[in-house]
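[1] sequence plus the predicted model coming up.
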Amino acid sequence: MSWIKLGHASDTEVKSIVDQKLVLTDIFDVAFPENLSKCSEGFTRIYEDDIVSCLRLKEGQELTAAFLESRKYAAYLGATTEFRKEEGLAYDPTNNKLYVAMTQLDGSVLDNFKQQETNNDIRLPLNICGGIYELALDQNFSATSMKAVLTGRPLKKGERYSGENYCSPETIANPDNLAFLGSDTLIVSEDTKKHLNNMSWAYNVKTKKLTRIASLPVGAELTGVTNAIVGNKGFLFMTQQHPFADQPVNVKHEEIYTHLFEQATDDDLNAIIGYIAGIPPEVLLD
């Protein structure tokens, strides 16, 4: 991975830019070509927000573009705009690694999505179940490389668990919140309709061992996960929201266990905060 600097400005300078209340055409000349593969001379073709357009930066608008139209300006300068569906982030201070949850691997991360991408920097296979990526950082905390360390697995019709799940329940699906505990342990929590139950997992980034540590009521999402030391004991706190709300589907896209949603009482719909106790404090201090 390499980086393209867009610009640098003080808060006062940014406020001055914002106060001008500029619109896109104050910053760029914009054209939408009939030939989607080519722009007129002096213009730069970009593919951003699912639209092909041709831009020409107006004189003196570099900082304005950097702070008001950051994504378009990044594409204009040659950076990729193909990342999508990033969710949770967690930092491993021991190994100086950053972990990011990509809840689905589809759309613009595929190879030349819609045959319109300008750079085609990212060429991943389709995986609706998503994955976790590890970014190696330098001394300035800028990422220098990025690789998948954990991915979900779509099931096939007739495969074990496929009657109740779209993604295999033996690994993650649509990862969302991440937390790094220390001792090489990354906590991965799901926000998915493709498992019958959303789950939380402990993933050892060194041994690659994945352990399921929590399973929620049907239709609930596991959201805030955080660790704390109380006295001389370690705790992992978890929040469960909207049980009996997100209808899961199986590999045939059939809604399953709908009667549980219909029979849910007001008490069943309550959010819950819970914890796992007994974690050695030294694990959380690592």
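    That came through fine. From a predicted model like this one, the values you see are computed outputs, not experimental measurements.
[2] output the below-cut-off pLDDT ranges for the stretch 151-286 of the chain.
    286 (pLDDT under 70).
[3] CA atoms only for the helix ranked longest in the chain, dumped as CSV, please.
    In the chain, with assignment by DSSP state H, the single longest helix is helix 11-19. Output in CSV follows, covering the C-alpha atoms of helix 11-19 (Å, rounded to 0.1, in the frame of the first residue of the first chain):
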residue,chain,number,x,y,z
ASP,A,11,-8.7,24.5,11.5
THR,A,12,-9.0,28.2,10.7
GLU,A,13,-8.2,27.6,7.0
VAL,A,14,-10.8,24.8,6.9
LYS,A,15,-13.5,27.0,8.5
SER,A,16,-12.8,29.7,6.0
ILE,A,17,-13.3,27.2,3.2
VAL,A,18,-16.5,25.8,4.7
ASP,A,19,-17.9,29.4,5.2
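[4] packing partners for that helix?
    If contacts are counted by 3 or more CB pairs under 8 Å, 6 or more residues apart in numbering; DSSP states H and E, helix 11-19 sits against helix 62-68. C-beta here means a position set from N, CA and C on the backbone, and glycine is covered the same way.
[5] contact partners for residue 178?
    Shown in contact with residue 178 (CB atoms under 8 Å, 6 or more residues apart in numbering): 87-90, 99-101, 132, 186-189.
[6] dump the host helix or strand of residue 134 to PDB, restricted to CA.
    Element membership of residue 134 [criterion: DSSP states H and E] is strand 131-137. Extracted as PDB, the C-alpha positions of strand 131-137 are listed here (Å, rounded to 0.1, in the frame of the first residue of the first chain):
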ATOM      1  CA  GLY A 131     -13.800 -10.900   6.300                       C
ATOM      2  CA  ILE A 132     -11.100  -9.400   8.600                       C
ATOM      3  CA  TYR A 133      -8.000  -7.700   7.100                       C
ATOM      4  CA  GLU A 134      -4.700  -7.100   8.800                       C
ATOM      5  CA  LEU A 135      -2.700  -3.900   8.000                       C
ATOM      6  CA  ALA A 136       0.900  -3.700   8.900                       C
ATOM      7  CA  LEU A 137       1.800  -0.100  10.000                       C
END
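[7] so in that sheet, which strands flank it, and in what orientation?
    strand 97-102 (antiparallel), strand 143-151 (antiparallel) (DSSP bridges).
[8] do a quick rundown of the helices in the stretch 1-150 of the chain.
    Counting by DSSP state H, counting those that start in this stretch, one finds helices in the stretch 1-150 of the chain at the ranges 11-19, 24-27, 62-68, 70-76.
[9] quick one, strands of the stretch 51-200 of the chain?
    51-57, 86-92, 97-102, 131-137, 143-151, 175-182, 185-190, 199-204 (DSSP state E, counting those that start in this stretch).
[10] most neighbours per residue, which of those strands?
    Comparing the strands of the stretch 51-200 of the chain by mean neighbour count (mean count of other CB atoms under 10 Å), strand 185-190 ranks first with a mean of 26.
[11] what's that one packed up against?
    Against strand 185-190 (3+ CB pairs under 8 Å, 6+ apart) you get strand 86-92, strand 175-182, strand 199-204, strand 221-230.
[12] of all the ones you listed, which one is nearest residue 144?
    When the helices and strands packed on strand 185-190 are compared by CB to CB, strand 86-92 sits nearest residue 144, at 14.9 Å.
[13] any idea how far the residue sitting furthest away from the middle of the chain lies from residue 56?
    Centroid-distance maximum for the chain: residue 41 at 36.7 Å, with CA atoms, centre = their mean. For residue 41, the distance to residue 56 equals 10 Å [CB to CB, to the nearest Å].
[14] try residue 183
    53 Å.
[15] in a strand, residue 274, correct?
    Yes. Residue 274 sits within a strand when classified using DSSP: H, G, I helix; E, B strand; the rest coil.
[16] list the beta-bridge partners for it.
    Going by DSSP bridges, residue 274 forms beta bridges with residue 238.
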